[in-house]
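>>> Have a look at this prediction, sequence included:
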Amino acid sequence: MNRETLEQISLQALELTQAAVVAYPYPRLETYYTFADKSIIPTFLTKPISRSRVDTSQRFYTLRGQEEIFPAFGASMSMMRTRFARDLWDGGTGGVHILPRVELSDPQRLADVRASAPAQVGAALGISEDEGFLEALFQQPNLAFVSIDIAHGANAAVLPVLAKIRAQGLESGVILGNVGSLEGFAYAYWLMKLSGFKHFILKVGVGPGSVCTTRINTGVGVGQLSLLEEIYRFRNHAGYTEAQIISDGGVNSSGDFVKALAYSEGVMMGKFFASGSFEDEVLIKRDGQLEGVQLYGMASSLVTEKRNYIEGSSQTLRAFHHTAQEAVSRLREGLQSAMTYVNATNLNEFRGNVRFALNSAAAITEAGVH
Ligand SMILES: NC(=O)C1=CN([C@@H]2O[C@H](COP(=O)(O)OP(=O)(O)OC[C@H]3O[C@@H](n4cnc5c(N)ncnc54)[C@H](OP(=O)(O)O)[C@@H]3O)[C@@H](O)[C@H]2O)C=CC1
Ligand SMILES: Nc1nc2c(ncn2[C@@H]2O[C@H](COP(=O)(O)O)[C@@H](O)[C@H]2O)c(=O)[nH]1
C-alpha cells in the first residue's frame, strides 16, 4: 500500500470517528473509577448450579477461526516467555500468552513461538516489521494471535504493519493497542476496518499497569474500570461488533479480573501472573526456594537506554504465585463464584446481569482483612 492510500485511510478513519462520537447520545464521563473503587452487587440465583459447572470460556476470532478460550492473557513483557506460555496454556485449559517483542531479535521471537508449542500463543508486533519475518511467523501452527503492542495504539503509524498483515491474507486474530478513550477506541476500530480486517480485538488501558508511570510522568490516562465501561457501552451502541475488547493492566486480584470482564471479552495481566513460570533472571531465590519476582516495564530504563523510561518503572514482588497454572486456577475460581452471585451460567449472562456500586472509603476498608 502506498503512502497516499495510507494517508487516505487515516483521514477517512478520522471522519468516521468524529461522526460516531458526535452521534453517541450519552453524556461523557467526568469521573473515572478503577477496580478498587467499585464492587458488584449480588442478586439471586434462580438456576442453582455448582460454581464448578459455570462456563467461563469466551469465543475469540483467532488467526485461524473461532475458538473458545479461558479469557486470561499474558502481558507481552520480556520476563514472560516460553515456559510462561506453556504453563499459562496448561494443556488447553488455561489462558493465552502474547509473547514479547521488546529486547528480542526476529529469530528469537520465532524460536519462542516454536518452543511454546503445544501452547497456543500470540506474538507481539511493533510498527516496523519485516515482511519475511511476518511470513515465517504466520506459518507457525500454534500462533493464534498477533498483537500490535505500542503505548498509543490509536495511531495512524500502525497502518503500514496492518497492511503487511493483510498482505499475508489474514482477516482476524489481530489485537491492536492500547487505546485509552472512546475516541481512541473508535479511531483504532476504523483503522482496523478500513485496513480490511473482519474481526479483531482492541486492547484498552493507558496507564493502569503495575510498573507503568505514564499517568504520573505524562499526566495522561484515566481510571480503568470506568474507561472499560464507557468503551464497552459505546462499542455496543455503535454496533462495532467486529471488535472484541481486552482490558490491559491494573489487575491485583481475581476480583479485579472479574470486574474487568464485566466490560470486556478478555483481560491481560503481568503482575498477577508473577511466578516461578517467569524467566530465571527475574526470579529471586534463597536455598532454591522462590522468594520474590522482579517485574520491570517494557518502556523502563532497565530495558534499554533508548527506551522512553519516562513511562516505565520496576518493582520486586514478595507476593506471587508458584506457577502460572496456580494463578489461572485462582482467576477461574474467583470468576466462577462471581457468576453465581449474579445468576449467570456463562460470560454473556454475566455481562448482562452485572451492576456495580461505588463504595465509600470505609466500605473499601471493610472489603479487606480487618
Ligand atoms: N499500556 C500502557 O499504558 C503503556 C504500555 N507501554 C508498553 O511499552 C512498550 C513500548 O511501547 P512504545 O514505546 O510505544 O513502543 P515503540 O518504541 O515501538 O513505539 C511504537 C511507535 O509508537 C510511537 N509512540 C509511542 N508513544 C506514542 C505516543 N504517546 N503518541 C504517539 N506515538 C507514540 C513511537 O514513536 P516515538 O517513540 O518516536 O514517539 C513509535 O513510532 C510496549 O510493550 C507498550 O505496550 C508503554 C507505555 C504505556
Ligand atoms: N506505561 C507502561 N506500561 C507498561 C510498561 N510495561 C508494561 N506495561 C503495561 O502494563 C501491562 C501489565 O500490567 P499489570 O498491572 O498487569 O502488571 C502490560 O500489558 C502493558 O500494557 C511500561 O514500561 N510502561
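Noted; the coordinates are in hand. Here the structure is a predicted model, which means the values were calculated and not measured. Numbering: from 1, shown residues only. Ligands and ions are numbered 1, 2, ... in the order given.
>>> mind listing the strands for the stretch 201-350 of the chain?
243-248, 266-269, 283-286, 289-296, 314-317 (DSSP state E, counting those that start in this stretch).
>>> now those in CSV, with mean neighbour count, mean pLDDT and distance to residue 226?
For every residue, glycine as well, the C-beta is placed using N, CA and C. Listed next are the strands of the stretch 201-350 of the chain as CSV, based on neighbours: other CB atoms under 10 Å; pLDDT from 0 to 100; distance: least, CB to CB, whole Å:
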stretch, mean neighbour count, mean pLDDT, distance to residue 226
strand 243-248, 25, 98, 12
strand 266-269, 28, 98, 16
strand 283-286, 13, 94, 36
strand 289-296, 17, 94, 25
strand 314-317, 14, 90, 25
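>>> So residue 152, which state does it fall into?
For residue 152, the assignment made with DSSP: H, G, I helix; E, B strand; the rest coil gives coil.
>>> could you list every residue that touches it?
178, 180, 184, 206 (CB atoms under 8 Å, 6 or more residues apart in numbering).
>>> Looking at those residues, state which has the most neighbours.
Most neighbours among those, by other CB atoms under 10 Å: residue 178, with 30 neighbours.
>>> In this structure it contacts residue 151, no?
Yes: shown here, residue 178 and residue 151 form a contact pair, counting by CB atoms under 8 Å, at 6.9 Å.
>>> any shared contact partners between the two?
Counting by CB under 8 Å, 6+ apart, the contacts common to residue 178 and residue 151 are residue 206.
>>> Quick one: residues contacting residue 247.
Residues in contact with residue 247, defined by CB under 8 Å, 6+ apart, are 204, 205, 224, 228, 260, 261, 263, 264, 266, 267, 268.
>>> And for the residue nearest to the third one when sequence neighbours are not counted, the neighbour number?
This means residue 224. Spatially, and ignoring its direct neighbours in sequence, residue 224 is nearest to residue 208 (4.2 Å; CB to CB, 6 or more residues apart in numbering). Close neighbours of residue 208, defined as other CB under 10 Å, add up to 27.
>>> Start and end of stretch 40-49, how far apart?
Stretch 40-49 stretches 20 Å from its first residue to its last (CA to CA, to the nearest Å).
>>> Can you list the buried residues in it?
residue 40 (16 or more other CB atoms under 10 Å).
>>> pLDDT of it, averaged?
Stretch 40-49 shows an average pLDDT of 93 in the prediction.
>>> Contacts made by it with the rest, please.
By CB under 8 Å, 6+ apart, the list of residues contacting stretch 40-49 reads 258-259, 262, 338, 340-343, 345, 353-357.
>>> if we go to 7 Å?
The contact list for stretch 40-49 (CB atoms under 7 Å, 6 or more residues apart in numbering) reads 259, 338, 340, 341, 342, 343, 345, 353, 354, 355, 356, 357.
>>> Mind checking which of these are buried?
Counted by 16+ other CB under 10 Å, these give 259, 338, 340, 341, 342, 343, 353, 354, 356 as buried.
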